[in-house]
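Novice: model this:
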Amino acid sequence: MQTFLRNAKIVDATMEEARPGNILIEGGVIREVNAGTPAGECDVIDAEGRTVMPGLIDCHVHVVASLMDIAANAALPAPIAVLRSVAILKGMLERGFTTVRDLGGAPYALAEAIAQGLTPGPRLFTCGKALSKTGGHSDARPRYDTREANRWAGNFGALGRIADGVDEVRRACREMLREGASFIKVMANGGVASPTDPINWLGYTVDELKAAVEEARDAKTYVAAHLYTAEGIERAVACGVRTLEHCNRVDAKAAQAAAKAGAIAVPTLVTYEALAQDGPGLGLPAASVAKIETVRKAGLESLAILRDAGVTTAYGTDLLGPTHVRQNEEFAIRARVLGAREILASATTVGAQVLGMEGRLGVMREGAIADLLVVVGDPLQDIALLAEPAKHLRMVMKEGAVVWGS
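Specialist: All right, here's what the predicted structure looks like:
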């Protein structure tokens, strides 16, 4: 069955400006973007002159994180954790995110469940559990908790697991890859949501990072690393890490090293706004609240530093608990520093690049998967309109099927 989406104003990040057109969709794929009226039977959708653009890609989410307290989240009974994640996934899809990359927690089986139509949600790419050293960003134990660090690691709601030393890192990588991970995630700096690791801690040794990168490369994939500091970024890039998550405290030298290596940065500024404004009331532990401003203040400056060095940046949010509803606010935050096309690219074409889906996702062209949005307004002129989906989003289409709106 064909779908004919007529009277559209077509936009993607490869274009200088919107252009009028009609879109013919068949088998979940865009067949034509300058289509004439089809001769055969088809479903017709009138865009009424509104913008039709690619579905959005969020390259840093945690779809199993229904609580702000990551230790409490890890301890959730599986049925509760699973059903809460279903609601999170549905919300992402209804905000226009048709593809997301999970950076710790979601199992491959959840991606399969979505692909099989068992629950609505974005196309999901997973890394399994994020890896860290004892006391690092995946170690959610309070300081005086001396129980076994990985006691919750097998739970659906756990975002990460502990692996110490080269041999343990290798084994953990191999286990994640065997279980279906698309890539490997490591914690290469301290973090906010974990209680005992200062932000500037280096999460893994050089040998441990190189072991993770080697295992990923042998499996024909890559390593993503949680990073904040310039020191951590430089070391990770030198070890071959491909995507640099957060990067709030990057400096020009580290950004230049990242650009030279072809690494991709994934800033996640909205999460620090959410942690600061909503975290204390939503159960974020006091030890984590105290660390927020260390990274929050540097966020906007990091965007400019990365841009000026020529680092490619993808769109990410990293939200936890009830703050997932703020996912689109990242567009408005980035608009304070960056131009509309660059921001749109981060959430479409660059996201596709990160996922190895160039030409298949994030573009309005023949042969691309028909993940489409109908929006009011032109994001090439005002990218911040995407920050308000309730006001501007009219329809979400995934693989040629309307999944929200009309």
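Novice: Could you list every helix and strand in contact with the host helix or strand of Leu209?
Specialist: For Leu209, the element it lies in under DSSP states H and E is helix 206-218. When contacts are defined as 3 or more C-beta pairs under 8 Å, 6 or more residues apart in numbering; DSSP states H and E, helix 206-218 packs onto helix 165-178, strand 184-187, strand 223-229, helix 230-239. Using the backbone N, CA and C atoms, a C-beta is placed for each residue, glycine as well.
Novice: How far off centre is that helix?
Specialist: How far helix 206-218 lies from its chain's middle: 22 Å, per C-alpha atoms, centre = their mean, to the nearest Å.
Novice: Next: stretch 79-89.
Specialist: Offset of stretch 79-89 from its chain centre (C-alpha atoms, centre = their mean): 18 Å.
Novice: what do you get for stretch 390-403?
Specialist: 19 Å.
Novice: List the buried residues in that stretch.
Specialist: His392, Leu393, Arg394, Met395, Val396, Met397, Lys398, Glu399, Gly400, Val403 (16 or more other C-beta atoms under 10 Å).
Novice: so which helix or strand takes in the last one?
Specialist: Yep, that's Val403 we're talking about. Val403 belongs to strand 401-405 when assigned by DSSP H and E.
Novice: thinking again about what came up before, and of the buried residues of stretch 390-403, the nearest to Gly49?
Specialist: Nearest to Gly49 among the buried residues of stretch 390-403: Arg394, at 11.6 Å, using C-beta to C-beta.
Novice: just checking, that closest one is part of a strand?
Specialist: Yes - under DSSP: H, G, I helix; E, B strand; the rest coil, Arg394 sits within a strand.
Novice: which residues touch it?
Specialist: By C-beta atoms under 8 Å, 6 or more residues apart in numbering, the contact set of Arg394 is Arg50, Val374, Val375, Val376, Gly405, Ser406.
Novice: Ala158 too?
Specialist: Neighbour list for Ala158: Val64, Asn73, Ala74, Gly105, Lys129, Trp152 [criterion: C-beta under 8 Å, 6+ apart].
Novice: okay, the residues you listed in JSON lines with distance to Ala332 next?
Specialist: Listed next are the contacts of Ala158 as JSON lines, based on distance: C-beta to C-beta, whole Å:
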{"residue": "Val64", "distance to Ala332": "26"}
{"residue": "Asn73", "distance to Ala332": "27"}
{"residue": "Ala74", "distance to Ala332": "32"}
{"residue": "Gly105", "distance to Ala332": "26"}
{"residue": "Lys129", "distance to Ala332": "32"}
{"residue": "Trp152", "distance to Ala332": "35"}
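Novice: Closest one of the residues you listed to Lys210?
Specialist: Lys129 (20.3 Å).
Novice: my guess is that closest one meets Leu103, correct?
Specialist: No - counting by C-beta atoms under 8 Å, Lys129 stays clear of Leu103, with 10.5 Å between them.
Novice: one step back: just tell me which of the helices and strands packed on helix 206-218 ends up closest to Val325.
Specialist: strand 223-229 (23.1 Å).
Novice: Adjacent strands (with direction) for that closest one?
Specialist: Partners of strand 223-229 in the sheet, by DSSP bridges, are strand 184-187 (parallel), strand 243-249 (parallel).
Novice: Pick the most buried one from the ones you listed.
Specialist: Highest mean neighbour count among those (mean count of other C-beta atoms under 10 Å): strand 184-187, with a mean of 30.
Novice: Give me the mean pLDDT for it.
Specialist: The pLDDT scores in strand 184-187 average 98.
Novice: residues of the helix or strand harbouring Leu83 that come out buried?
Specialist: Assessed by DSSP H and E, Leu83 sits inside helix 78-94. Of all the residues in helix 78-94, those buried under the rule 16+ other C-beta under 10 Å are Ala81, Val82, Arg84, Ser85, Val86, Ile88, Leu89, Lys90, Gly91, Met92, Leu93, Glu94.
Novice: my guess is Ala304 meets Gly339, correct?
Specialist: No - using C-beta under 8 Å, Ala304 makes no contact with Gly339, being 11.9 Å away.
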